[in-house]
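*Asks:* Make a model of this:
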Amino acid sequence: MKSFHFALVGGSIFLGDVAAFCQNQRVRAARAIKSFEAFVVDIGEGVARDVWTMDEYMTNCGVQRAEGLSMYDSSNQNQQAGSDFGLMTQTDLPAQSPVLCVPANMILSSKTLREGELNGIVESGEDFLLNMGVEVMEFPMYHLFLKILMEYEKGDESPWFPWLNSLPRRYSNGASMTRTYSYYISKTKATM
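*Replies:* Next comes the predicted model:
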């Protein structure tokens, strides 16, 4: 489950555990970065990811970085600028060195969600999933998906808005290929 948290926290770049973070700081940081052009997360495939606002937001929320760590646009010539990003360091780091430390409360945890804000509202959904043959060990995914959908619904009122607005809109791998990209691939193969 650690790798799933890794992807959820910061568009596949944030991982860690610190105690100096609270919900109020996250809300204040989200409000302080009011440079958003929309009030909802635009999930259209052609929309560029806003990772720079998310980067500032994470810094304001107490995320700590290794010295010299920076983000860069790694989009290639076949991609729209702003669609892919990477991390690099300006200094050499010893092997196994931590590069990023994220406050614990910024990590979406299905266990914490189920015991906290989802307690009392997901039981009927869990019963439905059981009746549909879904195994109990899959419920944590349901809790995470539900939480993310709840935050999308809040738009820019969500303390998670900067993170949601930084996530990819287009996926080009076989496991999660978007409709537009799969159509492009099929047309490309047909003309070869």
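
*Asks:* Now do the helices in this structure.
*Replies:* For the chain, helices defined by DSSP state H occupy the ranges 2-10, 23-32, 51-60, 110-115, 123-131, 139-154, 161-164, 179-191.

*Asks:* mean pLDDT lowest for which of these?
*Replies:* Lowest mean pLDDT within the helices of the chain: helix 2-10, a mean of 34.

*Asks:* Could you count how many residues lie near Leu130?
*Replies:* Residues lying near Leu130 (other Cβ atoms under 10 Å) number 12. Where C-beta positions appear, they are placed from N, C-alpha and C, glycine not excepted.

*Asks:* For it, give me its contacts.
*Replies:* Val136 (Cβ atoms under 8 Å, 6 or more residues apart in numbering).

*Asks:* now do Glu138
*Replies:* Under the criterion of Cβ under 8 Å, 6+ apart, the contact list for Glu138 reads Leu129.

*Asks:* what do you get for Ser83?
*Replies:* Counting by Cβ under 8 Å, 6+ apart, Ser83 has contacts Ala48, Arg49, Ser75, Pro168, Arg169, Arg170.

*Asks:* ok, now with 10 Å
*Replies:* Residues near Ser83 by Cβ atoms under 10 Å, 6 or more residues apart in numbering: 45-49, 73-76, 168-170, 172.

*Asks:* same thing with Ile148?
*Replies:* Leu8, Leu108, Ser158, Trp160, Trp163, Leu164, Leu167.

*Asks:* gap between it and Ile43?
*Replies:* 12 Å (Cβ to Cβ, to the nearest Å).

*Asks:* any residues in contact with both of these two?
*Replies:* Shared contacts of Ile148 and Ile43, defined by Cβ under 10 Å, 6+ apart, are found at Leu164, Leu167.

*Asks:* Pull the number of nearby residues for the spatially closest residue to Ser166 that is not a sequence neighbour.
*Replies:* If the residues on either side of it in the chain are set aside, Ser166 comes closest to Met54, at 3.6 Å by Cβ to Cβ, 6 or more residues apart in numbering. Residues near Met54, counting by other Cβ under 10 Å, number 24.
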